[in-house]
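# Okay, sequence plus prediction incoming.
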Amino acid sequence: MTTPSLETRDLTIRFGGHVAVNRVSAAFRPGELTAIVGPNGAGKTTYFNLISGQLAASSGQVLKDGTDLTGMAPSTRARHGIGRAFQLTNLFPALSVLENIRLAVQARAGEGWRILRPVGRFGHLTEAAERFLEATRLTHLAHQPAAALPHGDQRKLEVALLMAMEPDIYMFDEPTAGMSLDHAPDVLDLIATIKTDPAKTVLLVEHKMDVIRALADRIIVLHNGELLADGPPAEIMDSQVVRDVYLGTATEETA
């Protein structure tokens with residue numbers, strides 16, 4: 001079996017006497033979308049924060065293609081191919097949509113900040129940014145300030161920024177939270193497109209069961225910070241233990 005693209009081994013974090021994530025071990029592979037579910041307070045976002053480096057683990061490991069990233073900063077993990085989108089949008093609000101994406105392309109290319117460089121020298125970066133605009137259907141908003149966009153388009157812009165960084169691992173934390181019924185399908189279509197790339201690994205924290213059914217190849221269930229179940233969607237959804245903890249209630253709410 002090939003080396004996992006991403007793996008956590010006994011990953012744990014304690015806040016005083018509270019264990020928020022407790023010895024969670026899981027391996028993720030390219031071409032697979034894994035939905036991470038569980039009730040409120042189960043440790044889903046904390047688990048994401050441990051993987052992406054926003055939180056330091058109390059014990060355990062995070063490995064990318066077999067390389068131990070556990071002690072690395074979030075920016076270093078990003079350079080190793082860990083891409084993260086958050087529950088709240090994380091944009092440069094005063095910059096235009098195009099400028100936001102161009103900065104991401106510039107960072108990915110290692111161009112850095114060169115304020116004395118003639119703007120004409122950035123043509124290749126602008127062209128690359130425009131391709132991500134087109135892919136996310138934001139071309140018509142290219143020159144709008146990010147702050148002026150409706151929430152749904154801001155979420156699409158965040159996906160565009162993530163795509164512009166060209167990560168191997170995509171991590172989405174409730175990507176449709178707060179979105180209207182009109183905008184949510186656009187973001188889900190983008191995630192579905194990313195999923196078709198056999199070189200990419202996608203992790204999705206989500207509570208909407210219709211979204212999970214449509215996208216997930218696999219479901220991981222967290223409960224009280226521990227790994228309760230891990231398997232194919234049909235198997236997980238049919239598990240009585242899982243239904244008792246989470247899925248039964250969620251299914252009734254979305255029925």
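Received it, and whenever you're ready, just let me know what you need. A quick note: this is a predicted structure, and the numbers were derived from the prediction, not measured.
# any chance you could map the strands in the stretch 101-250 of the chain?
169-173, 201-205, 218-223, 226-231 (DSSP state E, counting those that start in this stretch).
# Specify the angle between the first one and strand 201-205 in degrees.
The one in question is strand 169-173. Compare the direction of strand 169-173 with that of strand 201-205 by axes from the mean of the first three to the mean of the last three Cα atoms, to 10 degrees and you get 10 degrees.
# Show me what strand 169-173 is in contact with.
5-6, 28, 44-45, 48, 51-52, 64, 81-87, 162, 191, 194, 200-206 (Cβ atoms under 8 Å, 6 or more residues apart in numbering). Quick note: C-beta positions are derived from backbone N, CA and C, even for glycine.
# How about the residue nearest the centre of the chain: which residues does it bridge to?
Residue closest to the mean C-alpha point of the chain, counted by Cα atoms, centre = their mean, is residue 171 at 1.8 Å. When bridges are called by DSSP bridges, residue 171 pairs up with residue 84, residue 203.
# follow-up on the earlier one: and the strands of the stretch 101-250 of the chain as CSV, adding distance to residue 77 and mean pLDDT?
Listed next are the strands of the stretch 101-250 of the chain as CSV, based on distance: least, Cβ to Cβ, whole Å; pLDDT from 0 to 100:
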stretch, distance to residue 77, mean pLDDT
strand 169-173, 9, 95
strand 201-205, 14, 96
strand 218-223, 20, 94
strand 226-231, 22, 94
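# Can you lay out these as CSV showing distance to residue 105?
Putting the strands of the stretch 101-250 of the chain into CSV (distance: least, Cβ to Cβ, whole Å) gives the following:
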stretch, distance to residue 105
strand 169-173, 17
strand 201-205, 21
strand 218-223, 31
strand 226-231, 36
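# Relative to residue 69, which of those is closest?
In terms of Cβ to Cβ, the element of those nearest to residue 69 is strand 169-173, at 10.5 Å.
# Show the buried residues in the contacts of strand 169-173.
Among those, the ones that count as buried by 16 or more other Cβ atoms under 10 Å are 5-6, 28, 44-45, 48, 51-52, 64, 81-86, 162, 191, 194, 200-206.
# Low-confidence ranges, the protein, go.
1, 86-89, 110-122, 246-255 (pLDDT under 70).
# which residues of it fall in helices?
Listed in chain order, the helices of the chain (DSSP state H) span 44-52, 74-79, 97-109, 123-135, 151-164, 184-195, 209-215, 233-237, 240-242, 248-254.
# what angle separates the fourth one from helix 97-109?
Looking back up the chat, that one is helix 123-135. If you take the same axes, to 10 degrees, helix 123-135 sits at 120 degrees to helix 97-109.
# can I see the domain layout of the protein?
Here the domain parsing of the chain from automatic domain parsing is 1-81+167-255, 92-166.
# and the shortest one, how far apart are its ends?
Between the start and the finish of domain 92-166 there is a gap of 19 Å, counting by Cα to Cα, to the nearest Å.
# just so I know, which of the helices of the chain lies nearest residue 222?
It's helix 44-52; of the helices of the chain, that one is closest to residue 222 (Cβ to Cβ) at 5.6 Å.
# quick one: the closest residue to residue 6 other than its chain neighbours and residue 202, what's the gap?
Ranked by Cβ to Cβ, 6 or more residues apart in numbering and with sequence neighbours excluded, the top spatial neighbour of residue 6 is residue 28, at 4.3 Å. With distances taken as Cβ to Cβ, to the nearest Å, residue 28 is found 9 Å from residue 202.
# Overlap in contacts, the two.
34, 169.
# Bridge partners for the nearest residue to residue 4 once chain neighbours are set aside, pull those for me.
Closest residue in space to residue 4, ignoring its immediate chain neighbours: residue 27 at 3.9 Å, by Cβ to Cβ, 6+ apart. Taking DSSP bridges as the rule, residue 27 bridges to residue 7.
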